[in-house]
Structures are given as C-alpha cells and as structure tokens.
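**Q** the following block contains a protein sequence and its predicted model.
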Amino acid sequence: MARNPPPVSAVSPSGHRRRHPPKAKGLTRAFFARSVHEVAPDLIGTTFLVDGVGGIIVEVEAYHHTEPAAHSFRGETPRNAVMFGPPGFAYVYRSYGIHWCVNFVCEKEGSASAVLIRAIEPTMGIEAMRRRRGLEDVRALCSGPGKLTEAMGITIAHNALPLDAAPIELFARVGNVEVNSGVRIGITKAVDLPWRYGLKGSRFLSKPFPPPPVVPGKRSATRDP
C-alpha cells in the first residue's frame, strides 16, 4: 500500500526530524509587541527551535531600557542596535568574550527592551546538542544562556534575524503552566528587580528559585509522620 509522503516541513534544513508541539501555533512578531514584563513570563513553556534543534523555554530574564542592567540603558551602539529596532527579532551578543547569549526584542521600536533566554528543556536534536557541548547529561545541555546557544548552534550570525522565520521557530505553549519569579542572576546593577521567570518544578533551570518566604503565623503544609 502506498504511503503518503511526509509534509515538506517535517524535516529541518539540518536534517533533524521536526516534532512540533501538538496543536501549538507559531508565534509571530506581534507576540513581542507588548511590555517586556508581559512577554517574559508568557515565554515560559513555549518551544524555541533553530534549524530544528531546541526545546521548551523554562527560564528567562526581562531587561528594560530604563534600568542600568540593560545593554540599551546608555543608548544605541553598533552592538545593541537591534534592540532599538522593531519587536520580534533576535539580539545576540558575546558575554565576557566567551559565549553567545540570545535575546528576544520586545515592545515598540525605540523602546530597546528584550528578554534573555536563560534555559530550555531539550526536546529536539538532542544528539546534535550533545556533540556540540561534548557531554551526555541532557539536563546540563541547555541549563544556562551560554550553554543553550552552544547546544543550539546560535552565533552572531543569528543576530537581527526575525523570530518568526527560518531558521528560527517559536511555538506557543500548550496548556497552563506555573511560573516562578525572582531576582536576576549574574548582574551587578538593578539586582533587586524580580524580573527572572522560570517554569515551576523544572529540572532544567540554570539555578533553582529560592523557596517563598515563610509568613509568620502561617502553619506549614507538611506534617510529621
């Protein structure tokens, strides 16, 4: 019996079989034309692929042009120019001269705000990630902004690329997710802003979120055996 051929989009340019989230819709640039503080938590649980390699976003950080930890705080430069452009584009930069970091530009043109992608849960192209990273532990492949760019093959060549066109693919999350929030990591300015977001209970975070503070007088939910 003859079989129907797979759809053209079933295989990525890099040869990795695509397995899009069931019933998931692709995110367009319009998704990013909102406050960075809305986009950042809404990215948790979405799927991020580059040439068919990637997974579920489990940790991000928001950066707004009005606070000194943002690259755009002191104005436009050749390095951060894409942040000052329209929303829905990738901003890739070299961190400490060692590894690349990828951000998604948000808000209206000129706002210069973006979301840093800190960690993903690998779901596609895992063998390619292992080769690029030189390790086997799937939980360590993308548990940090520099780790995930190396695993996904993201470089400066991806800077200023649209987030809704090849080789980048973004798919909406399916179902509800619980999102934790806390202060951002690895910065020395605006350290008190709780603009880091992560998937509650995920084993793929770059760093666990601290437990919520205990409210005086509130009884613990745990019981002695």
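**A** Ah, there it is.

**Q** I'd like the next helix or strand past the helix-or-strand element of the chain with minimal mean pLDDT.
**A** One helix or strand of the chain scores below all others by mean pLDDT, DSSP states H and E: strand 90-95, with a mean of 94. Per DSSP states H and E, strand 90-95 leads on to strand 99-106 as the next helix or strand towards the C-terminus.

**Q** which residues touch that following strand?
**A** If you take C-beta atoms under 8 Å, 6 or more residues apart in numbering as the criterion, strand 99-106 is touched by 32-36, 39, 43, 63, 82-83, 85-95, 113-117, 145-150, 154-156, 158, 163. C-beta here means a position set from N, CA and C on the backbone, and glycine is covered the same way.

**Q** now a ChimeraX select for only the buried ones of the residues you listed.
**A** Applying 16 or more other C-beta atoms under 10 Å to the contacts of strand 99-106, the buried members can be selected in ChimeraX as follows:
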select :32,33,36,39,43,63,82,83,85,86,87,88,89,90,91,92,93,113,114,115,116,117,145,146,147,148,149,150,154,158,163
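
**Q** could you say what helices and strands the least confident helix or strand of the chain packs with?
**A** Secondary-structure packing of strand 90-95 (3 or more C-beta pairs under 8 Å, 6 or more residues apart in numbering; DSSP states H and E): strand 99-106, helix 145-152.

**Q** and of those, who's closest to Arg203?
**A** Taking C-beta to C-beta, helix 145-152 is the member of those nearest to Arg203, at 14.4 Å.

**Q** sec struct for the residue most central in space within the chain, please.
**A** Among the residues of the chain, the one closest to the centroid is Ile117, at 3.0 Å (C-alpha atoms, centre = their mean). Counting by DSSP: H, G, I helix; E, B strand; the rest coil, the backbone at Ile117 sits in strand.

**Q** any idea what it is bridged to?
**A** For Ile117, the residues forming beta bridges with it (DSSP bridges) are Val60.

**Q** go on, Phe89?
**A** Assigned bridge partners for Phe89, using DSSP bridges, are Pro162.

**Q** contact partners for it?
**A** Phe89 neighbours (C-beta under 8 Å, 6+ apart): Arg29, Val82, Phe104, Val105, Ala160, Leu161, Pro162, Leu163.

**Q** before we move on, what about Lys108?
**A** Contacts here follow C-beta under 8 Å, 6+ apart; on that basis Lys108 touches Ala33, Pro86, Pro87.
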